[in-house]
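> I need the structure of the sequence given here:
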Amino acid sequence: MAVRAPDAASDTKPEGLRERKRRETRDATRRAAIALGLEHGYDAVTVDMICDAAGISPRTFYNYFPSRETAVLGEGKPMPDEAQVAAFVAATGVSDVEAFAVMMAEVWTDAEPDRELFRQRRRLLDATPELAALNMMRITEARAQYAEIVRQRLDATRPGLSDADAEIEAAMAVSIAMGALQVVARGWLAGDGEAPLASLIHDYFPRVRRLTQAPTA
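Numbering: from 1, shown residues only. As a prediction, the model looks like this:
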């Protein structure tokens, strides 16, 4: 299944010097916030500590992030772009749930390509209940947007579905896919292999199918 449009990469504009420096400053600040949280405990970390570690001023920090939480978690949960949504809607040979999980695996890893930083953030969330709760709240808020994306696929593949049924099935698809994806992501982060997260979805989904079907005699 192709989740991304074949020519999506050709639409990406080269990164300019200013954009690269902004990205590097943002990334360094995020790394500093997470590393300090792991070293001292998140509650003990201040914006000034993050700035000192990242080599920036508080003013620069607040130009990038409105709060410590945002430096660790980001502005919000990542969303697929138009090409990713189009590929998801058109995907064949897989279920709605599996297609959505693969798309979101690519969205997540596109948003955070540094696997080690991904792993460190997960460690910090596991050690900090208030951050984990905030992250879960953001996921819950994003699920309504994710469900609207699934609705696009349902409208295209099952146009006779009623609005009520489409709403229910979209919400269920998101819930099942996100739950499975979180389990797969934990295994991906714990492993030493270099297999892309999206490719592991296809390896795990036979388990999802087995677990959601009644056992045969």
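
> Residue 38 reaches residue 127, doesn't it?
Yes - counting by Cβ atoms under 8 Å, residue 38 touches residue 127, with 7.4 Å between them. To be clear about C-beta, it is placed using only N, CA and C from the backbone, and glycine gets the same treatment.

> Of those two, which one has the most company?
residue 38 (16 against 13; other Cβ atoms under 10 Å).

> measure residue 160 to residue 89 for me?
Per Cβ to Cβ, to the nearest Å, residue 160 is found 17 Å from residue 89.

> These two: who's more crowded?
residue 89 (18 against 5).

> helices or strands up against the host helix or strand of residue 110?
According to DSSP states H and E, residue 110 maps onto helix 96-111. When contacts are defined as 3 or more Cβ pairs under 8 Å, 6 or more residues apart in numbering; DSSP states H and E, helix 96-111 sits against helix 82-90, helix 129-157, helix 163-190, helix 197-211.

> Apply 10 Å and report the result again.
When contacts are defined as 3 or more Cβ pairs under 10 Å, 6 or more residues apart in numbering; DSSP states H and E, helix 96-111 packs onto helix 82-90, helix 115-127, helix 129-157, helix 163-190, helix 197-211.

> What are the structural domain limits within this structure?
16-70, 82-211 (automatic domain parsing).

> Contacts only, for residue 110.
By Cβ atoms under 10 Å, 6 or more residues apart in numbering, residue 110 lies in contact with 4, 78, 80-81, 84, 198.

> tell me the least confident of these?
Checked by pLDDT, the contacts of residue 110 have residue 4 as the lowest-scoring entry (40).

> three-state assignment of residue 79?
Three-state call for residue 79 (DSSP: H, G, I helix; E, B strand; the rest coil): coil.

> Does it touch residue 85 like I think?
Yes - counting by Cβ atoms under 10 Å, residue 85 is a contact partner of residue 79 at 9.0 Å.

> neighbour-wise, which of those two wins?
Ranked by neighbour count (other Cβ under 10 Å), residue 79 and residue 85 place residue 85 first, with 19 against 14.

> ok, for the more buried one, nearest residue in space, not its chain neighbours?
residue 149 (5.7 Å; Cβ to Cβ, 6 or more residues apart in numbering).

> That neighbour: neighbouring residues, count only.
20.

> Then the one 4 residues further on?
Residue 153 is surrounded by 21 other residues when neighbours are defined as other Cβ under 10 Å.
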